[in-house]
Every structure is written in structure tokens, then in C-alpha cells.
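*Asks:* Got a predicted structure plus its sequence, pasted below:
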Amino acid sequence: MKRINLITPKQYFPVPILWQKRFVAVFFIIMLFLNAFKYYVTFTELKRETMNITSLETEINKLKQALVEKRAFNEKAQNIEKEFADVTADYNILKKNLIIKDVMLKLSELTPHNTWITSLDFSYDNEKKLNISGKSINKEEVFTFLNNLSSMGKNPEMIEMNREGDKGQFSFQITVELL
């Protein structure tokens, strides 16, 4: 047969129940304050990091805006450089045209009455050289023209002079370094 003991054995607690309840209550309150403090610290750090992220986003937006402005500035600078190059090229062409115009006006003044210019070759590299080909009725007019060219440039030089046919005309070639 089995025996069933209906009386529970006496429980052993070294501390009375009231003290145990107080201990648990104090422990619970301490844990509550500890968790509340951890929550406060975490919330404060989160708020600070959010502010840092916001300030970084603001700086990134400012940098993006500065980049856009710099790109626009660079494009404008390149456009201005292109326009300046075009203006410089136009200026050089205009300058050459003005020089040619001046040469033509001077040649019209310096050419004697019975002398004709048949071709002009103008080189505008390191030296401004003018090669003149023409015809004249007599030699004296050719030499007068050669002498007149000394006022237009330096070192006028007769390259060639030939008598053409029975008409008595003279063809000539002269080179002048323009001033």
C-alpha cells in the first residue's frame, strides 16, 4: 500500500516573506530606474545623431549646389574662351585685311602712270613679304616704281625684268619686305 502524505513539508526560507517582498520591490524599482536611464541615454544619443545626420545632409546639399554652380561656371568659361578664340581669329583676319587694304592703297599711289600690276602675292608669316608682278611700257617706269616702293617697305628687290615681244612692253617681278 502506498502512503500519501497530505501535509506539506515546512518550507525553509532564511529571510521572512515581508523582507523578500521588500527586496523584490526595491530590486524592481532599481531595475526600472536603470532601464529608464538607459532609455534616456539612448534617446539622447539618437537625437544627437539625428541632428548630425541633418547637418550632414545640409552640407551635402550645399556641396551639390556648389558643384552645380561650378559646372555652370566652367561651361560659361568654356563658352567665353570659345567666343574669345573666335573673336581673336576674326581680329586676325580683320588685321590682315586692313594690312592688305593699306598695301593696295599705297600701291595705287606709288605705281607710275604707264605701269600695271598683274599679280600680287602677299605672305604674312614671320616676315611680311609682297611679291609684285606687272608690266610697263618702258624701263624707266619700272625703276621709278622700284624706287617708289622703298617708301613702302625695306629692301625692294628686282627679281626679274624681261622685254615682251615687239610691242616694247617690259614684264617684271619685284619683292618688298613690308614694314
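*Replies:* Right, received. Where do you want to start? Numbering: from 1, shown residues only.
*Asks:* Looking at this structure, which helix is longest?
*Replies:* Criterion DSSP state H: the longest helix present in the chain is helix 17-110.
*Asks:* by how many degrees do the next helix or strand after that one and helix 17-110 diverge?
*Replies:* Following helix 17-110 in sequence order, the next helix or strand is strand 115-124 (DSSP states H and E). Relative orientation of strand 115-124 versus helix 17-110 (axes from the mean of the first three to the mean of the last three C-alpha atoms, to 10 degrees): 160 degrees.
*Asks:* residue nearest the centroid of the protein?
*Replies:* Gln78 (4.3 Å; C-alpha atoms, centre = their mean).
*Asks:* Please tell me how far that residue sits from Ala66.
*Replies:* According to C-beta to C-beta, to the nearest Å, Gln78 stands 18 Å off from Ala66. Every residue, glycine included, has its C-beta placed from N, CA and C.
*Asks:* Which neighbouring elements make contact with the longest helix of the chain?
*Replies:* On a contact count with 3 or more C-beta pairs under 8 Å, 6 or more residues apart in numbering; DSSP states H and E, helix 17-110 meets strand 115-124, strand 128-136.
*Asks:* got TSV for those strands, with distance to Ala36, mean neighbour count and mean pLDDT too?
*Replies:* Converted to TSV, those look like this (distance: least, C-beta to C-beta, whole Å; neighbours: other C-beta atoms under 10 Å; pLDDT from 0 to 100):
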stretch	distance to Ala36	mean neighbour count	mean pLDDT
strand 115-124	91	14	86
strand 128-136	95	18	89
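*Asks:* Pro14 is nearest to which of those strands?
*Replies:* Closest to Pro14 of those, according to C-beta to C-beta: strand 115-124, at 118.0 Å.
*Asks:* who touches the closest one?
*Replies:* 96, 99-100, 103, 107, 111, 128-137, 141-142, 144-145, 171 (C-beta atoms under 8 Å, 6 or more residues apart in numbering).
*Asks:* hmm, back to that, please identify which of the helices and strands packed on helix 17-110 is closest to Phe84.
*Replies:* It is, among the helices and strands packed on helix 17-110 and with distance given as C-beta to C-beta, strand 115-124, at 21.8 Å.
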